[in-house]
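In: Output the structure for:
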Amino acid sequence: MTELSGVTQPGANPPGAPLSALEPWPETVQWRPVSRSLITVELINRASLVVVVLAGLGAGWWFNRHWFWPAAMALVVVAAIWRSVVTVRAVRAWGYAERDNDLLVRHGLVVRRLSIVPYARMQFVDVTAGPLERAFKLATVQLHTASAASDAKIPGLDPAEAARLRDRLTALGEDRAEGL
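Out: A predicted model of the protein is given here:
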């Protein structure tokens, strides 16, 4: 950790210290976060699933008054609350950065992931938005490469930013691929 304006920055390295494999170029990369509205979308999706599961467990309890049904319902509620807290932190962990020759995408809490996608390797770029995402004015940019393992996505983008990123990545991908 280093001091920057009197505030300790987590993940930052002191001068001369080796860089983390998951935090390359800390001073040269400008990370952009995803929209905080993605938290609401994820929580609504989770709440919908929990309601369906609780309805099924409640129906089971209605037909068979066994202690298992309320215990399972309580377990589902506790797991949903825990997962909701994790979701808030997970959305805050998403970020992306554009560089001259590649796009960096990072996410994850327990298992942190940094994807570096060279523009020349991109085959196509998808922009998607489901009904709930559209209601919150969000879109997801999905990058596809020749390797299925290297596909990266950036959820929770403003539609204008998603369109700008799609157009820029497509143009840069075409430019870089011509040199191959």
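
In: Could you double-check that Gln30 lies in contact with Arg99?
Out: No. Judged on Cβ atoms under 8 Å, Gln30 makes no contact with Arg99 at a distance of 9.4 Å. From N, CA and C alone the C-beta is placed, and that goes for glycine too.

In: Between those two, which is the more surrounded one?
Out: Arg99 (14 against 9; other Cβ atoms under 10 Å).

In: quick one: secondary structure of the closest residue to the more buried one other than its chain neighbours?
Out: Setting aside the residues directly before and after it, Arg99 is nearest to Val29 in space (Cβ to Cβ, 6 or more residues apart in numbering), at 7.0 Å. Assigned by DSSP: H, G, I helix; E, B strand; the rest coil, the conformation of Val29 is coil.

In: show me the contacts for Val29.
Out: Ala97, Arg99, Leu104 (Cβ atoms under 8 Å, 6 or more residues apart in numbering).

In: any chance of those in TSV, plus secondary structure and pLDDT?
Out: Listed next are the contacts of Val29 as TSV, based on DSSP: H, G, I helix; E, B strand; the rest coil; pLDDT from 0 to 100:
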residue	secondary structure	pLDDT
Ala97	strand	91
Arg99	coil	86
Leu104	strand	89
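
In: now these as JSON lines including distance to Ile116?
Out: Shown next, in JSON lines, are the contacts of Val29 (distance: Cβ to Cβ, whole Å):
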{"residue": "Ala97", "distance to Ile116": "10"}
{"residue": "Arg99", "distance to Ile116": "9"}
{"residue": "Leu104", "distance to Ile116": "6"}
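
In: Name the nearest of those relative to Pro118.
Out: Using Cβ to Cβ, Arg99 comes nearest to Pro118 of the contacts of Val29, at 9.8 Å.

In: How much space separates that closest one from Lys153?
Out: Per Cβ to Cβ, to the nearest Å, Arg99 is found 18 Å from Lys153.

In: OK, contacts around the most centrally placed residue in the chain?
Out: Nearest to the geometric centre of the chain sits Trp94, at 4.5 Å (Cα atoms, centre = their mean). Contacts for Trp94 (Cβ under 8 Å, 6+ apart) come out as Pro33, Val34, Leu38, Arg106, His107, Ile154, Pro155, Gly156.
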